Each structure stands twice: as C-alpha cells, then as structure tokens.
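[1] Sequence plus the predicted model coming up.
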Amino acid sequence: MKKLVLLLVTAAAVLAAALIPAGRPVAAVAPGFASAVSAVKQNSWQTNGSVNAIAIAGNNVYIGGLFTRVRPAGKPAGQGEAVRPYLAVFSRATGNAGSFAPVLNGAVWSIATSLDGKWVVIGGDFTTVNGQPRHRIAMFSTATGALSSFSPSVAYRVKAVAIYGNSVYFGGSFGAVNGVTRNRLAAVALDSGKLLPWNPNADNDVYAIDVADNGSKVFAGGPFAKIGGASHYSLVALNTTTGAALPFAAASAIPTPTPTCTTRVKDIDTNGANVYVSNGGDGSGCYDGTLAANISTGKLLWKNNCLGATEAIKSIGGWLYKGSHAHNCSSSPGGFKDGTGTHYLLVQSATTGNLGPWFPNTDAGGTTKVGPLAMASSGTDLWVGGDFSHVNGVAQQGITRFTNAIGGARPATPAAPAANSPVPNKVGLSFKTVLDPDNITLTYKLYRGTTLIQQWNANSYSWVTPKLITATDAGVKSGQSVNYRVAVLDGYSTVWSAWSATVKVR
C-alpha cells in the first residue's frame with residue numbers, strides 16, 4: 001500500500017496514447033512526456049547485486065536485496081564502493097547513498113514504511129542485525145537509523161511486508177511466529193512486535209502483500225491454492241482483523257494450474273479505489289500479465305495478457321508501470337510480437353490496461369536473469385530495482401530512477417525530407433517518423449525555408465516500421481529553387497532535420 005501524491009493526467013497525455021493515423025492535423029501533444037514520469041534515467045548510485053525490495057519515506061529510499069556493496073553512478077564494480085550488506089538508503093533528491101549502514105547476516109526480500117513515515121520494516125533471511133538477534137524481520141527509525149526493539153521471531157523467510165496503522169502484515173515461507181503456528185501469513189503490532197490474532201493460514205508461499213488505502217482489506221498473492229483450508233488460488237482478499245478470506249470475484253481471472261501452465265501472483269499494489277496485480281507463469285503462453293480490480297466490489301476492471309513474467313508494478317496517477325521480461329504483447333492495442341526483443345520496462349493505462357507511452361529499458365543479469373524485480377514511488381518519481389546491469393544502454397547496476405522533471409527524452413533526429421518536382425508548380429515531399437522513449441505521438445512540422453507547409457501528429461513504436469509521411473507543396477512557382485526541413489516536437493523539445501537537397505521547381 002502506498003500513500004502517494006497522485007499526479008493529474010491531462011487530456012493531452014491521454015490523447016498522446018491514442019492511436020492517431022499519420023497525416024491527420026491535430027493539436028500539439030503533451031509537454032515533454034505523456035505518462036507520469038519520463039524515460040530519462042536520472043543519476044543514482046548502484047549496487048553490486050540484485051535489489052529485491054524498495055520503499056520510500058520522505059527523502060529516504062530504502063533498498064534491500066542480495067547486494068553487499070554500493071557505488072556511485074558510472075563507477076565499474078569494485079571502484080568507489082561502500083559496504084552495505086543487504087540494506088542501504090539512497091537520497092530521493094540526489095540518488096546518492098546515505099550513511100545508514102546496518103550489518104545484516106542475510107538477504108532482504110521485502111521493505112515497507114509506516115504511514116507516518118517514522119518506521120521502516122524489513123523482511124528476509126537474516127537472523128542478526130548489528131549483532132543483535134532479529135529473526136527475519138526488523139524495524140528501524142527513519143529519523144535516526146537506529147534499530148528498534150521490535151523483534152518478532154519468524155521461523156523462515158519473510159518475502160512480503162505491508163503496514164497499516166499499528167499492524168504489520170507479512171507473508172513468506174514460514175510456519176511459525178514467536179513459536180506459534182502461522183502458516184506463511186501473519187501480523188504483529190508495530191509498536192510492540194506482539195503477535196496478532198490475524199491468521200489466514202496459507203498452504204503455500206506468499207510472494208506479495210498489500211493493504212487497501214482505506215484499510216478495508218489485505219491482499220495476498222503467491223503460489224498458494226488454499227487459505228484457511230478453502231480454495232483460493234494465488235490471489236485472496238482478507239479481513240484485516242481475523243485474516244478470514246473475503247469474496248473477491250476478480251481473483252478468478254487468474255487461471256488455476258494445468259499440466260502445461262502454472263502461474264502465480266508476483267506483486268500487488270493498491271491505489272485509491274483499485275488494486276493492481278501482476279503474475280508470472282511457467283509454460284508456453286501461460287498467464288504473465290497484469291489485472292486491475294475494484295477493491296470494494298471485487299469486480300475485474302481489466303486484464304492484460306502480455307507474455308513475459310511481470311515481477312513488479314507501481315501505480316502512479318493514471319498509469320501502471322511494470323517491470324517484466326515482456327516479449328509478446330500482441331494482445332494489447334499497439335503492442336508487439338515475439339521477435340521484437342525483450343521489453344523490461346513498460347507502462348499501461350490504469351483505466352484500460354493498454355500499453356502507454358514509456359519505453360526505457362534495462363537488461364537482465366545475475367543468476368536470475370530476470371531484470372526489474374521491485375518498484376517504488378513517491379508520486380513524482382519511480383525507483384526500479386532488480387538484477388540488471390544496464391539502463392537505456394548505459395552501465396547502471398541494480399537500481400535506477402526516473403522522475404517527472406520537465407523535458408523528458410528528446411525525439412530522435414529525423415532524416416532530411418526527400419523532395420522532387422515531378423510536375424509544374426508543385427514539389428512532392430516525404431519523410432519517415434522517428435521514435436521518442438516517452439511519447440507515442442509526436443508532432444511533425446514541414447517547412448519550406450521559414451514557411452510552415454503542413455503539420456501532422458503520428459504514432460511511432462520501436463517494434464513497428466517507421467511510417468512514411470508524404471506531402472505536396474503547391475505554394476511554389478516554376479523556376480523557383482527551394483529546400484525543406486522537418487521539425488519534430490514532443491510538446492517540450494523541438495528536433496530539426498537537416499535541409500533537403502535544393503529542388504528547382506518545374
């Protein structure tokens with residue numbers, strides 16, 4: 001659950017994601033970038049291993065994972081490193097690592113911050129923190145970085161944590177908390193660590209957990225098939241006090257296992273009235289996508305069937321950002337097919353689930369070779385962690401960030417238009433569309449000298465052959481020598497082509 005400053009999505013931004021045919025004159029597109037954050041990678045320190053979890057409190061960005069060192073941006077592994085075993089804090093404003101440096105003896109898999117921003121709770125495989133016993137769950141003050149006395153004892157891995165009020169809900173692979181049976185789901189008091197009666201009793205691991213923004217329901221996901229002895233496959237809504245399963249019709253959108261397909265929930269994010277869920281499956285064509293549901297009614301709002309497991313999601317305003325290794329989104333309007341590469345970072349409309357205008361990318365590395373694994377946001381930025389080593393083609397290991405800083409990515413430089421004069425008093429012209437990593441729709445303006453001849457909005461995707469835009473300039477006279485160039489606008493930047501060859505009008 002994330003309490004975010006929601007971004008207003010302008011009508012222009014929605015227009016930019018619409019499918020507008022080339023050659024149709026329309027108004028200019030949204031300023032700079034068309035979703036909540038741009039595709040420009042902002043400065044951030046790096047890690048020497050996977051980042052599994054991220055949470056934000058004020059200017060502090062807490063990251064946890066399998067790493068043991070952090071280093072400045074641009075530095076190769078081994079240079080300028082600071083020791084940070086499995087847990088670190090970065091500045092949200094600068095991306096630099098802070099002095100917070102607790103010593104853990106095992107990996108961190110989950111992080112959550114309290115609603116008042118005063119506490120950060122971590123879960124994982126560790127059994128000591130700063131030399132003190134802390135069995136797989138621990139809490140720190142965000143103001144001082146001090147380890148708190150909060151010390152529930154969890155029998156095995158804590159994979160997911162969420163906080164609401166004075167309750168800390170968590171899930172994982174454990175079977176007991178403080179020596180009391182709690183199968184893979186439990187809750188403790190934030191102020192004391194005391195075990196609460198909440199006891200859903202899952203029959204298999206829990207990978208994800210979140211609480212509705214109004215505190216009405218807890219959502220849990222993973223490869224489980226039963227909750228409290230009753231069938232609830234992979235996704236369940238739970239009573240916040242007892243842990244009893246609640247009716248939630250949208251859960252039936254996740255297919256139950258077959259001999260050729262096993263899929264499970266990987267991440268859950270609540271935002272306002274809705275809950276968003278991501279899945280990863282084993283088997284050709286198995287469900288790997290995302291869905292949205294109404295928290296109050298349980299109604300399924302949409303389901304996106306892109307292939308390539310979706311490991312992390314984050315809702316910001318009217319958009320759902322996803323970290324996946326998507327390789328086939330042909331089921332989504334404007335989507336891509338197999339053979340177009342792996343798209344590790346994408347955005348979807350929070351209203352329809354269709355792909356939107358945001359196309360940065362990472363790679364995948366490490367032992368998991370997955371790519372992005374965790375996301376967090378303050379509402380004006382997006383932090384992405386995982387096992388990648390490059391972002392937008394530039395070396396950047398483990399973690400990166402994107403913001404809503406004005407400008408966004410610039411469109412690519414268009415080629416000079418082709419021009420000829422096949423008939424008297426006319427010049428025929430053509431040029432190809434270009435790409436912009438954080439816009440689908442760009443405005444193209446064709447000039448003769450300083451005279452605007454025509455303008456268009458046209459859509460471009462990296463996986464689609466560039467469109468050829470054609471035009472006729474009938475405002476010339478025989479014997480006149482003219483040349484042309486094209487301006488491409490994303491609402492903030494203007495990129496110019498070179499001039500065409502000079503044409504003598506017939």
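    Here it is on my side, so go on.
[2] The helix or strand harbouring residue 324 - what's its average pLDDT?
    In this assignment (DSSP states H and E), residue 324 forms part of strand 319-326. Per-region confidence: strand 319-326 scores 97 on mean pLDDT.
[3] Paired strands for it, with orientation please.
    Here the strand partners of strand 319-326, with direction, are listed using DSSP bridges: strand 310-316 (antiparallel), strand 343-349 (antiparallel).
[4] Let's have these in JSON lines, adding mean neighbour count.
    Yep, even glycine has a C-beta here, placed from its N, CA and C like the rest. Shown next, in JSON lines, are these (neighbours: other Cβ atoms under 10 Å):
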{"stretch": "strand 310-316", "mean neighbour count": "26"}
{"stretch": "strand 343-349", "mean neighbour count": "26"}
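[5] Out of these, the one nearest residue 61 is which?
    Across the strands paired with strand 319-326, the minimum distance to residue 61, taken as Cβ to Cβ, is reached by strand 310-316, at 13.1 Å.
[6] List the contacts of that closest one.
    2, 4, 6-7, 36-37, 266-271, 274, 276-280, 288-290, 320-324, 326, 350, 370-377, 379, 382, 384, 386 (Cβ atoms under 8 Å, 6 or more residues apart in numbering).
[7] Please, a ChimeraX command that selects the buried ones among those residues?
    Selecting just the buried residues from the contacts of strand 310-316 in ChimeraX takes one command, with 16 or more other Cβ atoms under 10 Å as the test:
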select :2,4,7,36,37,266,267,268,269,270,271,274,276,277,278,279,280,288,289,290,320,321,322,323,324,326,350,370,371,372,373,374,375,376,377,379,382,384,386
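[8] all helices of the stretch 1-150 of the chain, in order?
    11-17 (DSSP state H, counting those that start in this stretch).
[9] the strands in it, which residues?
    Counting by DSSP state E, counting those that start in this stretch, the stretch 1-150 of the chain has these strands, from start to end: 46-47, 51-57, 60-65, 69-71, 82-83, 87-91, 108-113, 119-124, 128-129, 132-133, 137-141.
[10] Would you mind finding the most buried of these?
    Per-stretch averages of neighbours, counted by mean count of other Cβ atoms under 10 Å, single out strand 46-47 among these, with a mean of 28.
[11] what helices or strands is that strand leaning on?
    Using 3 or more Cβ pairs under 8 Å, 6 or more residues apart in numbering; DSSP states H and E as the contact definition, the elements that strand 46-47 packs against are strand 69-71.
[12] Swap in 10 Å and give it another go.
    For strand 46-47, the elements it packs on are strand 69-71, strand 399-403, judged by 3 or more Cβ pairs under 10 Å, 6 or more residues apart in numbering; DSSP states H and E.
[13] how about low-confidence regions in this structure?
    Scanning the chain with the threshold set as pLDDT under 70 gives 1-31, 366.
[14] can you redo the strands of the stretch 1-150 of the chain as TSV with distance to residue 199?
    Converted to TSV, the strands of the stretch 1-150 of the chain look like this (distance: least, Cβ to Cβ, whole Å):
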stretch	distance to residue 199
strand 46-47	36
strand 51-57	24
strand 60-65	26
strand 69-71	38
strand 82-83	39
strand 87-91	29
strand 108-113	19
strand 119-124	18
strand 128-129	26
strand 132-133	24
strand 137-141	17
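[15] for those, which one sits closest to residue 480?
    Among the strands of the stretch 1-150 of the chain, the nearest to residue 480 by Cβ to Cβ is strand 46-47 (57.4 Å).
[16] Name the residues that touch that closest one?
    Identification of contacts with strand 46-47 by Cβ atoms under 10 Å, 6 or more residues apart in numbering yields 63, 65-77, 80-81, 84, 86, 88, 90, 95, 97, 385-387, 389, 391, 395-400.
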